[in-house]
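# sharing a sequence plus its predicted fold:
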Amino acid sequence: MKHLPRLPRSPLALAIMNLLLERPMHPYEMKTTMKQRGHDEVIKLKGASIYDTVERLERGGFIESQETSREGRRPERTVYALTEPGRDELQTWMREIVSEPAREFPEFAAALAFIAGMEKGEAIELLQRRILTQEAQLAAARTKLQGTLEAGIPRLFTLEAEYLIEVRHAEIDWVRKVVAGIQKGEVWLTHEQMQAVAAMVHQKHGND
């Protein structure tokens, strides 16, 4: 039995394969459909990235070309379809993603791990600036989602936008609480207090 190469897993590959699960499409139609549905909020659509991903998926046997057509002076467009092995790989991949939370490493969380190295006033100022930026992005995302729904796109195709809105809203609320905690002295530590904590931790682990 011939084994397929490893599926090139990326958000863009996931989108392309799911679109082809609906019906055969050419790359330009894939890009247009993703933008119409707001998928560009969660997937980077840059330059020839769609064509490159399509090429890798075809080379791996996960999708296949069906026909090539030309309209007027436009370049030729090749229509692709999902293969049966590709359909099986996609279903396995989707089950894993939906059911198993991935261990991600967001930059903001990494920065928070070392925010104690900043001056208290600057930390507050930057966190407040982040809140303002997130609020603006949240308002824009809500407006875009509303427009998408009013255009007749079913809600099932906008769940990722709803998810990002809820995540952004939750982050804003949490950062506000952190800022309030820092201002009240409930979160921040002085340099002397941090040195005391570091000494205590060192002593504890030194005795283990």
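Structure received.
# and the residue nearest the centre of the chain, what pLDDT?
Most central in the chain under CA atoms, centre = their mean is residue 42, positioned 4.4 Å from the mean C-alpha point. pLDDT recorded at residue 42 is 87.
# give the contact list for the closest residue to it other than its chain neighbours.
The shortest distance from residue 42 to any non-neighbouring residue, by CB to CB, 6 or more residues apart in numbering, is to residue 160 (4.9 Å). From N, CA and C alone the C-beta is placed, and that goes for glycine too. Counting by CB atoms under 8 Å, 6 or more residues apart in numbering, residue 160 touches 38, 39, 41, 42.
# remind me which helix or strand residue 160 belongs to.
helix 159-184 (DSSP states H and E).
# same question, residue 9
Under the criterion DSSP H and E, no helix or strand holds residue 9.
# number of residues surrounding it?
A count of nearby residues for residue 9, using other CB atoms under 10 Å, gives 11.
# tell me the phi and psi of it?
phi -80, psi 120 (degrees, to the nearest 10).
# pLDDT wise, what is the closest residue to it other than its chain neighbours at?
Distances taken as CB to CB, 6+ apart place residue 93 nearest to residue 9, at 6.7 Å, with adjacent residues excluded. Note for residue 93: predicted pLDDT of 95.
# so residue 93 sits against residue 7, correct?
Yes: applying CB atoms under 8 Å, one finds residue 93 in contact with residue 7, separated by 6.8 Å.
# those two: which has the busier surroundings?
Neighbour count, other CB under 10 Å: between residue 93 and residue 7, residue 7 has more, with 20 against 16.
# can you give me the strands in this protein?
Assigned by DSSP state E, the chain shows strands spanning 63-69, 77-82.
# okay, these, which one's buried deepest?
Among the strands of the chain, ranked by average contacts under mean count of other CB atoms under 10 Å, first place goes to strand 77-82 (a mean of 18).
# could you name the helices and strands sitting against that strand?
Using 3 or more CB pairs under 8 Å, 6 or more residues apart in numbering; DSSP states H and E as the contact test, the elements touching strand 77-82 are helix 11-22, helix 27-36, strand 63-69.
# what comes into contact with it?
17, 20-21, 24-28, 54, 58, 62-71, 90.
# now do 6 Å
Residues outside strand 77-82 that contact it (CB atoms under 6 Å, 6 or more residues apart in numbering) are 20, 21, 24, 26, 63, 65, 66, 67, 68, 69.
# one more: stretch 29-49?
Residues contacting stretch 29-49 (CB under 6 Å, 6+ apart): 11, 12, 15, 16, 19, 50, 148, 153, 157, 160, 161.
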